[in-house]
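>>> Next come a sequence and a model predicted from it.
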Amino acid sequence: MVYCGFVTCLTSVSIGYVIGSPNILESAIRGVGSDCGPQAPFTIQQGFPNCFQFSDLLWGFAIGSFCLGALAGSLVAAGLQNKYGRVKALFLSSVVYILGSIVIGLTFHQAQFILGRIILGFACGLGGVVAPTYLGEIATIQGRGILGTFHQLFLVVGILLSNLIGLAWSTPPGWRFVLALNGVPALIQCLILSQLVESPRYLVSQKRIKEAERSLQILRGPEKLVSVQEELADMVLLLTGRRVPVDDDKDCIDSLSSFPSDGVPPPVQRGNSAATLQNDPSPVPLPTSHPDKKQASISQEPYGFITLFRSECRGLALVGVSIHFLQQATGINGLVYYSTSFLSDIFGSGNSKYITIGVTVCNLLSTICGVFLINRVGRKTLLMASFGGIAASATLLIIGAYTDVGGLVAAAVFMYIISFAVGLGPIPWLLLSELLPTYALSSASSAATGVNWSLNFVIGLLFPSLTKAMGNTTFILFGTVSIISVAFVWYFVPETRGRSIEQVMAEKGVPRRSPSSS
């Protein structure tokens with residue numbers, strides 16, 4: 001399970017690399033400052049321009065444009081991973097990463113640079129849906145917290161790698177190699193993805209029960225030491241709305257290998273007795289408005305976007321989507337994208353690069369702390385602490401800027417990153433897989449990730465212009481959003497630590513699946 005998690009999170013490394021790579025390279029790419037070298041700016045060397053002319057608004061669009069691609073990738077991710085499976089969808093995202101890295105590494109015009117960012121963004125959107133979904137579906141309840149934080153942890157590793165490599169190669173034409181290296185993790189992932197097992201929950205949703213059992217057994221350990229039949233039966237329960245008893249023999253599992261078209265499994269023969277689903281002590285009652293058995297059967301198709309937000313799961317889905325929106329509304333990616341140029345106004349361009357590296361290292365260490373805290377403190381508490389810390393950080397940053405105390409500004413930036421990383425960074429990617437069953441998860445993840453990337457684009461586009469026009473008072477907006485978010489989490493977000501999806505759904509009064517759903 002852990003090995004599959006590591007391989008999956010090579011996608012997360014690539015996402016982080018795409019996010020962080022332009023930060024330190026900005027002056028070299030735009031042809032400003034000492035990083036451009038003696039032959040820059042705007043000269044042709046070996047057939048390629050050394051630098052490009054970008055206005056603040058065009059540069060903001062170029063940086064944020066990958067979010068447009070990510071929005072498209074996240075919207076198609078649900079259909080792709082439901083049709084072809086999680087592993088094949090990850091393979092597709094890796095191929096697109098490699099293509100985008102080639103395009104942006106060989107860029108000869110601003111338009112090609114933006115195109116390369118959009119292609120890379122598509123891969124980010126696709127992988128940003130599939131990777132957390134897969135991690136959530138292969139994890140045990142006990143390991144779900146730590147494994148679920150892998151996505152954000154490796155994303156931060158990708159940001160740090162891009163910053164360190166960018167620091168070494170932040171002159172023309174070195175920035176091209178830095179951007180092209182983004183394809184390396186994707187290439188490695190392509191070569192070893194065949195070793196991953198498919199998600200057992202996905203296989204159950206496809207009625208491939210025997211394959212799901214084999215996959216689950218590989219993830220949980222040797223058959224002599226670990227029995228997976230009870231866990232598999234719980235997965236089937238979420239799909240069909242019926243409890244199927246299992247024991248040491250395989251009659252139950254074999255009987256589930258082919259569901260009839262009405263979605264109700266056949267009677268299960270075990271030993272000398274017959275256990276029928278109709279005699280199960282805890283069936284989901286069929287509504288009286290659907291007396292016909294075929295009409296009242298439970299669909300096995302995953303929810304589409306429209307069906308999801310009309311279904312019994314809409315409340316939990318909206319909670320997950322809202323947390324993704326609020327994550328970006330804190331303005332965190334304004335600091336991630338532009339911390340070098342933002343801090344250079346206070347500390348100078350030379351020092352700001354090293355402070356950016358320090359901020360990224362702090363982000364990584366804080367994310368690691370979050371990995372250890374998430375199963376001890378709980379998701380809800382960490383989210384509220386994150387939002388509260390960001391609100392306090394924004395306040396200190398504004399005070400430091402107005403009093404011209406550079407040390408206070410730097411401390412506030414570090415505090416901003418720490419507050420985000422310990423909870424708000426990893427939890428939104430984990431939360432949906434803990435709130436929703438498999439048949440609702442793909443569409444909800446696509447919707448939430450689409451909202452995330454859309455607001456990410458707006459922040460990336462407008463942050464340079466906002467800070468130029470408003471200065472550090474821009475952070476008043478982000479601090480206000482964070483205060484409101486504390487109240488939202490307190491009232492609407494359920495605690496999911498150590499609880500099954502069934503328990504969370506029961507707390508919120510959500511039935512397993514409406515028999516009339518389609």
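Sure thing, it's come through.
>>> Who are the contact partners of the residue nearest to Ser94 when sequence neighbours are not counted?
Distance criterion C-beta to C-beta, 6 or more residues apart in numbering; nearest residue to Ser94, sequence neighbours excluded, is Ala186 at 4.1 Å. Every C-beta, even on glycine, is put in place using the N, C-alpha and C of the backbone. Residues in contact with Ala186, defined by C-beta atoms under 8 Å, 6 or more residues apart in numbering, are 10-11, 14, 93-95, 97-98, 101, 123.
>>> among the residues you listed, which are in helices?
10-11, 14, 93-95, 97-98, 101, 123 (DSSP state H).
>>> Neighbour count and distance to Pro428 for those residues - can I get that in JSON lines?
Shown next, in JSON lines, are the ones in helices among the contacts of Ala186 (neighbours: other C-beta atoms under 10 Å; distance: C-beta to C-beta, whole Å):
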{"residue": "Leu10", "neighbour count": "24", "distance to Pro428": "21"}
{"residue": "Thr11", "neighbour count": "31", "distance to Pro428": "17"}
{"residue": "Ser14", "neighbour count": "31", "distance to Pro428": "19"}
{"residue": "Ser93", "neighbour count": "27", "distance to Pro428": "19"}
{"residue": "Ser94", "neighbour count": "25", "distance to Pro428": "23"}
{"residue": "Val95", "neighbour count": "16", "distance to Pro428": "27"}
{"residue": "Tyr97", "neighbour count": "31", "distance to Pro428": "22"}
{"residue": "Ile98", "neighbour count": "22", "distance to Pro428": "27"}
{"residue": "Ser101", "neighbour count": "26", "distance to Pro428": "27"}
{"residue": "Ala123", "neighbour count": "30", "distance to Pro428": "20"}
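>>> where are the low-confidence patches of the stretch 251-400 of the chain?
251-300, 339-351 (pLDDT under 70).
>>> switch to 50 and redo it
251-253, 255, 257-299 (pLDDT under 50).
>>> Same question for the stretch 101-250 of the chain.
Short version for the stretch 101-250 of the chain, where the test is pLDDT under 50: 246-250.
>>> now the strands: where do they sit in it?
Remark: strands of the stretch 101-250 of the chain are absent; assignment by DSSP state E, counting those that start in this stretch.
>>> Run through the helices of it in chain order.
According to DSSP state H, counting those that start in this stretch, the stretch 101-250 of the chain carries its helices in the segments 110-138, 144-168, 174-180, 183-192, 200-205, 209-220, 229-240.
>>> likewise the stretch 251-400 of the chain?
Under DSSP H, counting those that start in this stretch, the stretch 251-400 of the chain gives helices at 251-255, 305-308, 314-329, 332-347, 349-377, 379-402.
>>> okay, those in a markdown table with distance to Leu435 and mean neighbour count next?
As requested, the helices of the stretch 251-400 of the chain are exported to a markdown table (distance: least, C-beta to C-beta, whole Å; neighbours: other C-beta atoms under 10 Å):
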| stretch | distance to Leu435 | mean neighbour count |
| --- | --- | --- |
| helix 251-255 | 28 | 17 |
| helix 305-308 | 12 | 17 |
| helix 314-329 | 4 | 21 |
| helix 332-347 | 22 | 22 |
| helix 349-377 | 15 | 19 |
| helix 379-402 | 10 | 21 |
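>>> of these, which approaches Ile118 most closely?
The closest of the helices of the stretch 251-400 of the chain to Ile118 is helix 332-347. By C-beta to C-beta, the value is 15.9 Å.
>>> For the contacts of Ala186, give me CSV that also has distance to Gln195.
Output for the contacts of Ala186, formatted as CSV (distance: C-beta to C-beta, whole Å):
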residue, distance to Gln195
Leu10, 12
Thr11, 15
Ser14, 18
Ser93, 17
Ser94, 14
Val95, 17
Tyr97, 19
Ile98, 19
Ser101, 23
Ala123, 21
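>>> Could you measure from the closest residue to Gly166 other than its chain neighbours over to Asn163?
The shortest distance from Gly166 to any non-neighbouring residue, by C-beta to C-beta, 6+ apart, is to Ile24 (3.9 Å). As judged by C-beta to C-beta, to the nearest Å, Ile24 and Asn163 stand 6 Å apart.
>>> mind checking the longest helix of this structure?
Criterion DSSP H: the longest helix present in the chain is helix 438-470.
>>> How far away from the center of its chain is it?
12 Å (C-alpha atoms, centre = their mean, to the nearest Å).
>>> Specify the angle between it and helix 110-138 in degrees.
Going by axes from the mean of the first three to the mean of the last three C-alpha atoms, to 10 degrees, helix 438-470 is angled at 140 degrees with respect to helix 110-138.
>>> For helix 438-470, buried residues please.
For helix 438-470, burial by neighbour count (16 or more other C-beta atoms under 10 Å) applies to 438-457, 459-464, 466-467.
>>> same question for it, mean pLDDT?
For helix 438-470, the mean pLDDT works out to 85.
>>> Can you name the element that comes right after it?
Proceeding C-terminally, helix 438-470 gives way to helix 474-492 as the next helix or strand, assigned by DSSP states H and E.
>>> Show me what that following helix is packed up against.
helix 314-329, helix 379-402, helix 438-470 (3 or more C-beta pairs under 8 Å, 6 or more residues apart in numbering; DSSP states H and E).
>>> Convert it to CSV, retaining C-alpha atoms only.
This file holds the C-alpha atoms of helix 474-492, laid out as CSV (Å, rounded to 0.1, in the frame of the first residue of the first chain):
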residue,chain,number,x,y,z
THR,A,474,-4.1,43.0,-0.3
PHE,A,475,-3.7,40.6,2.6
ILE,A,476,-6.7,42.2,4.4
LEU,A,477,-8.8,40.3,1.9
PHE,A,478,-7.1,37.0,2.6
GLY,A,479,-7.2,37.5,6.3
THR,A,480,-10.9,38.2,6.3
VAL,A,481,-11.7,35.1,4.2
SER,A,482,-9.7,33.0,6.7
ILE,A,483,-11.7,34.3,9.7
ILE,A,484,-15.0,33.5,7.9
SER,A,485,-13.5,30.0,7.1
VAL,A,486,-13.0,29.2,10.7
ALA,A,487,-16.7,29.6,11.3
PHE,A,488,-17.6,27.5,8.2
VAL,A,489,-15.4,24.6,9.4
TRP,A,490,-16.9,24.7,12.9
TYR,A,491,-20.5,24.5,11.7
PHE,A,492,-20.4,22.4,8.6
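>>> Sort out which residues of that helix are buried, please.
Across helix 474-492, burial judged by 16+ other C-beta under 10 Å covers 474-475, 478-479, 481-482, 485-486, 488-489.
>>> Identify all contacting residues around the helix or strand following that helix.
Sequence-wise, the next helix or strand downstream of helix 474-492 (DSSP H and E) is helix 501-507. The contact list for helix 501-507, computed with C-beta under 8 Å, 6+ apart, reads 234, 237-238, 313, 316, 434-437, 494, 496, 511-512.
>>> what about the nearest residue to Val129 once chain neighbours are set aside, how many neighbours?
Spatial nearest neighbour of Val129, excluding adjacent residues (C-beta to C-beta, 6+ apart): Ala77 at 3.6 Å. Residues near Ala77, counting by other C-beta atoms under 10 Å, number 27.
>>> With Gly425 instead?
Gly425 has 25 neighbours, counted by other C-beta under 10 Å.
>>> cool, and Asp404?
By other C-beta under 10 Å, 9 other residues sit near Asp404.
>>> how close does it get to Gly471?
Taken as C-beta to C-beta, the span from Asp404 to Gly471 is 12 Å.
>>> Could you do Thr107 as well?
Using C-beta to C-beta, we find Thr107 at a distance of 32 Å from Gly471.
>>> Tell me which of the two has more neighbours.
Comparing Thr107 with Gly471 by other C-beta under 10 Å, the one with more neighbours is Thr107, at 21 against 13.
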